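**Student:** Everything below, folded, please.
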Amino acid sequence: MKKIAILLGLSLLISMGAFAQKNKRTSAYMYNKNGEYKNAKEAIDAAAVHEKTMYDPKTWMYRGIIYYNIQTNGLADLLTKDALDVSYESLKKASEYDEKGTYKDEINLYMNKLSIEFFNRGIQAFQMQDYDAALVDFEKNYKIGESVGRIDTITAFNIGMAGVYGKKPDIAAKYLGICIDNGYSDARVYKYYSKSIKQLGDTARALEVIKTGRKEFPEDLGLMLELAQIYLETGQNTKLRETLLEAVKTDSENPNLYLILGQTYDNDGDFDKAIEYYNKSIDLGANSSTVYYNIGVIYSNAGKAYLDSANNLPLNKVKEYDTLVGKANAELEQGMPYFEKALELNPDDKDSRLALKNIYIQLKMNDKLKELIKED
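**Tutor:** Predicted coordinates:
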């Protein structure tokens, strides 16, 4: 009888221990209900690590709810900085242990609430240019939707953008592909999808994506510019110009478009047309040293060509020599103010500085030459 009494006592102690842990979980529930989140956190954390309650879905559901309330009541900084993430992991565990689906509706309710929190936090991180953090939060938001059978193309698009800006092209391409496969109608999807594929090193495929996007959104300026960028990077000058001429019909006040258009004509040796578009860029407010430098180079090269011709003449061709030198100087005089403006906009521009020195020497403008040398 004595032995039985001891065994019964041991059984009672074990039962009491299990009851104590369930009591902690109940206490956590009540603390949470009364808004006492610090006490609720301590009680539920204890229940979550005890062998009698750590595999019970109710424990993890309560923990997810409590940590969610800590986050949304502005107590995360005081009690735990990762409240949102702990809530998410806890609710995932609750769902895992809830094999009969007893708590499915309540778990999904709070998962949906978490989804909104992750989305908003992702937006904030993106705006702060913390693309890695944005990517993590957007992806959690997406996976919550996925867990209940929802394909969230808006979030997939945001993941794609964060992936492109954060240099995670493999992730970006995956989610932007999901957007396209599920009919997300936004021209930017093709733009960023193309960027992600290009980051992965497949420029030919990136070009095909943009062309596909343009079939669906033929008037979209962003796609035109992305197409132009690929042509620029791959040296397809004629196609670049054709695309830009189409783009300026949509955005006729964009000085950068005219600058690049000027460069396409410059590359082909059509200098009159190049200067026309360069000046159009300046008229529209371009404040780039590049456009002024490019114009200066055209005049400078024309002047150099005359000087080379003059220097190749026989010594007895004095009149012809003087004529050619006069034409050279006229070209250099036209180019000079453009180089000066380029240097004003970019004082560290060594090429403009050197070009000006040569012009001042050729035109015998010694005072200007001395001033320029002083600045070296």
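**Student:** which residues does Val291 contact?
**Tutor:** Val291 makes contacts with 255, 259, 262, 278, 281-282, as judged by C-beta atoms under 8 Å, 6 or more residues apart in numbering. Placement of C-beta: from N, CA and C, glycine included.
**Student:** Inside helices: which ones of the residues you listed?
**Tutor:** 255, 259, 262, 278, 281-282 (DSSP state H).
**Student:** Kindly reformat the contacts of Val291 as JSON lines containing neighbour count and distance to Asp130.
**Tutor:** Listed next are those as JSON lines, based on neighbours: other C-beta atoms under 10 Å; distance: C-beta to C-beta, whole Å:
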{"residue": "Pro255", "neighbour count": "18", "distance to Asp130": "32"}
{"residue": "Leu259", "neighbour count": "21", "distance to Asp130": "33"}
{"residue": "Gly262", "neighbour count": "29", "distance to Asp130": "38"}
{"residue": "Tyr278", "neighbour count": "28", "distance to Asp130": "39"}
{"residue": "Ser281", "neighbour count": "24", "distance to Asp130": "35"}
{"residue": "Ile282", "neighbour count": "20", "distance to Asp130": "38"}
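**Student:** Dump the ones in helices among the contacts of Val291 to CSV, plus pLDDT and distance to Asp85.
**Tutor:** Shown next, in CSV, are the ones in helices among the contacts of Val291 (pLDDT from 0 to 100; distance: C-beta to C-beta, whole Å):
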residue, pLDDT, distance to Asp85
Pro255, 94, 46
Leu259, 94, 47
Gly262, 94, 52
Tyr278, 96, 54
Ser281, 95, 49
Ile282, 95, 53
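**Student:** For the protein, give me the ranges with low pLDDT.
**Tutor:** 1-22 (pLDDT under 70).
**Student:** Quick check: Arg241 touching Leu261?
**Tutor:** Yes: applying C-beta atoms under 8 Å, one finds Arg241 in contact with Leu261, separated by 6.5 Å.
**Student:** Compare those two and say which is more crowded by neighbours.
**Tutor:** Leu261 (25 against 21; other C-beta atoms under 10 Å).
**Student:** contacting residues for that one?
**Tutor:** 241, 244-245, 248, 277.
**Student:** Would you show me how to pick out the buried ones of those in PyMOL?
**Tutor:** Only the buried entries of the contacts of Leu261 go into this PyMOL selection, using 16 or more other C-beta atoms under 10 Å:
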select buried, resi 241+244+248+277
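**Student:** Find the residue at the geometric middle of this protein.
**Tutor:** For the chain, the residue nearest the mean C-alpha position is Tyr165 (2.5 Å; C-alpha atoms, centre = their mean).
**Student:** Spit out the contact partners of the residue lying closest to that one once chain neighbours are set aside.
**Tutor:** Using C-beta to C-beta, 6 or more residues apart in numbering and skipping residues adjacent in sequence, the residue nearest Tyr165 is Tyr131, 4.7 Å away. Contacts for Tyr131 (C-beta under 8 Å, 6+ apart) come out as 125, 162-163, 165-166, 168.
**Student:** I appreciate the help and will end here.
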